[in-house]
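Chemist: fold the following.
(4 chains)
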Protein chains: 2
Amino acid sequence: MSKREDRAPAAARPLRRDAELNRRRILRAGREVFAERGLQATLNDVAHHAGLGVGTVYRKFPDKQALAEAVFVEELDEIAGMARAGLDEGDAFAALARFLEDALARAAHNRGLREVMRRGGMDGDGLARARQEIERHCTDLVAKARAQGTLRAGITEADIAPIAAMIDAVMTLPGDRPPGLWRRYLEIILYGIHAGTPPPPAEGDA
Amino acid sequence: MSKREDRAPAAARPLRRDAELNRRRILRAGREVFAERGLQATLNDVAHHAGLGVGTVYRKFPDKQALAEAVFVEELDEIAGMARAGLDEGDAFAALARFLEDALARAAHNRGLREVMRRGGMDGDGLARARQEIERHCTDLVAKARAQGTLRAGITEADIAPIAAMIDAVMTLPGDRPPGLWRRYLEIILYGIHAGTPPPPAEGDA
DNA sequence: CGGTAAGCGGATACGGGATATCCGCTTACT
DNA sequence: AGTAAGCGGATATCCCGTATCCGCTTACCG
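Modeler: Have a look, this model is predicted:
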């Protein structure tokens, strides 16, 4: 039933010291390689990037899916933490806006993360859980903002994912667009989402 | 210099009647298959859908790229025509909005078209030209709207492509979203793009 | 130390899937 | 009826990522 390669130190054998080190190396390499080249990167790529042999990687992770899951559950959890933190601020709309900016800024530098965001949730349940966590906090944020009357009528938590997807699309746009262009559109959308007087008007950002 | 398979009836041999018919069949099948399954569809798929053998298709189009180009140049030209038509209306902002709705409605039912839209322009020059045509008309539309004072300050023709990309992203969103959801976000963006009093506020659309 | 099992490396076998060809048969046209 | 154009589709080829396998190396234990 258990995947035989859980990361907790509890199980059968404690794992040799170098092996444990390598496991971390692989995770780190996975982060970097997936961030740069996206999910289509090969475990061979990851292995090489980690300075290890392919066999070593396959020893620790049965396949690419497994490594990707391990990597992105970490990253999604970090993002969930950011959303969580927003709940402690006073102005919920501002917190929501800040969260979107920060989370999307991460995505901007992480192709793999963008790809994971796009894929609904038909992958392993680790990712599904992490995604739900984010969603949950967003729901809270939206609810709070609505209660504060700063959210345009009709906007719900179901709008958050599409908004993220839209901004992601701008990031993925081909051609020589300036990086950071996405902020411009996020602003436009936030403007469209806000109740009452708008934040600073759209301007020639980078 | 010429591709030997130009569509004009001018060239060397007039093409047997059934052959000409099949050519049309293939084009039509290409439209349908690419619309449904996207560019990753196989020429074999297209052939089968057309009720023809693979060999026949390869006789008319050297490879998938060639057929796809033929198909989507047509479609892009049609869209260019829609943009063109908007220039005859009085209210340029309204025309722009209408154009976006109409063009994107097409994309909504056409996966291949969406994929072509996303790819910048590194493909054959036929597509590049068609794209430029659309862009040109959009520029005119935007200029006219700006002159009429209906466009929020700072918005330019360079914003059109990203907007289309964003809406496309909503269409491509996984999960059980209602079709037509994209209209909701197009409205939000148009609201964010418009100068002065907004169009009808966002509401629980389909 | 020396023995032993855990871990490592990476060339390569495998699988799958798209592309494009080839040639015997059919059909249009004169 | 003759002839060349056109057709069909089984299949060879290519491309590439995945994952294995096994001889060698290294950590760890007594």
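Chemist: and for residue A:44, the neighbour number?
Modeler: Using other Cβ atoms under 10 Å in any protein chain shown, residue A:44 is surrounded by 13 other residues. (Glycine included, C-beta is placed from N, CA and C.)
Chemist: the helix or strand where it lies: what's the following helix or strand?
Modeler: Using DSSP states H and E, residue A:44 sits in helix A:43-50. Next in sequence after helix A:43-50, counting helices and strands by DSSP H and E, comes helix A:54-60.
Chemist: roughly how far is that next one from the heart of the chain?
Modeler: In terms of Cα atoms, centre = their mean, to the nearest Å, the centre of helix A:54-60 is set 26 Å apart from its chain centre.
Chemist: I'd like the next helix or strand past that helix.
Modeler: Of the helices and strands lying after helix A:54-60 in sequence (DSSP H and E), the nearest is helix A:64-86.
Chemist: that next one vs helix A:43-50, what angle?
Modeler: Inter-element angle recorded for helix A:64-86 and helix A:43-50: 70 degrees (by axes from the mean of the first three to the mean of the last three Cα atoms, to 10 degrees).
Chemist: next one: helix A:64-86, is it in contact with DNA strand C?
Modeler: No: judged by Cβ under 7 Å from any atom of the strand, helix A:64-86 and DNA strand C are separated, with a smallest distance of 13.9 Å.
Chemist: now do the next helix or strand after that helix, average pLDDT.
Modeler: Counting by DSSP H and E, the next helix or strand C-terminal to helix A:64-86 is helix A:92-108. The average pLDDT within helix A:92-108 is 98.
Chemist: can you give the contact residues for helix A:92-108?
Modeler: Outside helix A:92-108, the residues within contact range by Cβ atoms under 8 Å, 6 or more residues apart in numbering or on different chains are A:75, A:78-79, A:82-83, A:86-87, A:89, A:113-114, A:117, A:138, A:141-142, A:144-145, A:147-148, A:150-151, A:160, A:163-164, A:167-168, A:171, A:179-180, A:182-183, A:186, A:190, A:194, A:199.
Chemist: helices or strands up against the helix or strand just after it?
Modeler: Scanning forward in sequence from helix A:92-108 by DSSP H and E, the next helix or strand is helix A:111-118. Counting contacts by 3 or more Cβ pairs under 8 Å, 6 or more residues apart in numbering or on different chains; DSSP states H and E, helix A:111-118 packs against helix A:17-37, helix A:64-86, helix A:92-108, helix A:160-172.
Chemist: between the first one and helix A:92-108, how many degrees?
Modeler: In terms of direction (the same axes, to 10 degrees), helix A:17-37 departs from helix A:92-108 by 100 degrees.
Chemist: quick check: mean pLDDT of helix A:17-37?
Modeler: For helix A:17-37, mean pLDDT is 97.
Chemist: output the contacting helices and strands for it.
Modeler: helix A:43-50, helix A:54-60, helix A:64-86, helix A:111-118.
Chemist: distance to residue B:100 added to the ones you listed, as JSON lines?
Modeler: Below are the helices and strands packed on helix A:17-37 laid out as JSON lines (distance: least, Cβ to Cβ, whole Å):
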{"stretch": "helix A:43-50", "distance to residue B:100": "40"}
{"stretch": "helix A:54-60", "distance to residue B:100": "47"}
{"stretch": "helix A:64-86", "distance to residue B:100": "31"}
{"stretch": "helix A:111-118", "distance to residue B:100": "23"}
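Chemist: out of those, which one sits most buried?
Modeler: helix A:111-118 (a mean of 21; mean count of other Cβ atoms under 10 Å in any protein chain shown).
Chemist: give me the contacts around that helix.
Modeler: For helix A:111-118, using Cβ under 8 Å, 6+ apart, the contacting residues are A:34-39, A:41, A:68, A:71-72, A:75-76, A:106-107, A:127, A:164-165, A:168, A:171-172, B:172, B:174.
Chemist: by how many degrees do that helix and helix A:64-86 diverge?
Modeler: Calculated by the same axes, to 10 degrees, helix A:111-118 forms an angle of 80 degrees with helix A:64-86.
Chemist: what sits against the residue nearest the centre of chain A?
Modeler: Central residue of chain A (Cα atoms, centre = their mean): residue A:76, 4.6 Å from the mean position. Residue A:76 makes contact with A:116, A:127, A:130, A:131, A:133, A:134 under the criterion Cβ under 8 Å, 6+ apart.
Chemist: mind running it again at 6 Å?
Modeler: Residues near residue A:76 by Cβ atoms under 6 Å, 6 or more residues apart in numbering or on different chains: residue A:130.
Chemist: ditto for residue A:141
Modeler: A:86, A:92, A:96.
Chemist: quick check: it vs DNA strand C, distance?
Modeler: Taking Cβ to the nearest atom of the strand, to the nearest Å as the measure, residue A:141 falls 42 Å from DNA strand C.
Chemist: quick check: the gap between the residue of chain A found nearest DNA strand C and residue A:25.
Modeler: In chain A, the residue that lies nearest DNA strand C is residue A:55 (1.9 Å; Cβ to the nearest atom of the strand). To residue A:25, residue A:55 is 14 Å away according to Cβ to Cβ, to the nearest Å.
Chemist: repeat that for residue A:100.
Modeler: 33 Å.
Chemist: swap in residue A:141?
Modeler: Residue A:141 is 36 Å from residue A:25, by Cβ to Cβ.
Chemist: residue A:128 now?
Modeler: Distance from residue A:128 to residue A:25, by Cβ to Cβ: 27 Å.
Chemist: how does chain A divide into domains?
Modeler: The record's domain parsing of chain A by automatic domain parsing lists A:17-61, A:66-193.
Chemist: among the ones you listed, which comes closest to residue B:29?
Modeler: Residue B:29 lies closest, by Cβ to Cβ, to one member of the domains of chain A: domain A:66-193, at 28.4 Å.
Chemist: figure out how far the closest one is from the centre of its chain.
Modeler: Worked out by Cα atoms, centre = their mean, domain A:66-193 lies 8 Å from the chain centre.
Chemist: swap in stretch A:48-63?
Modeler: The answer for stretch A:48-63 is 24 Å, by Cα atoms, centre = their mean.
Chemist: not counting its own residues, what contacts that stretch?
Modeler: Counting by Cβ under 6 Å, 6+ apart, A:22, A:23, A:25, A:26, A:29, A:33, A:43, A:44, A:47, A:67 sit against stretch A:48-63.
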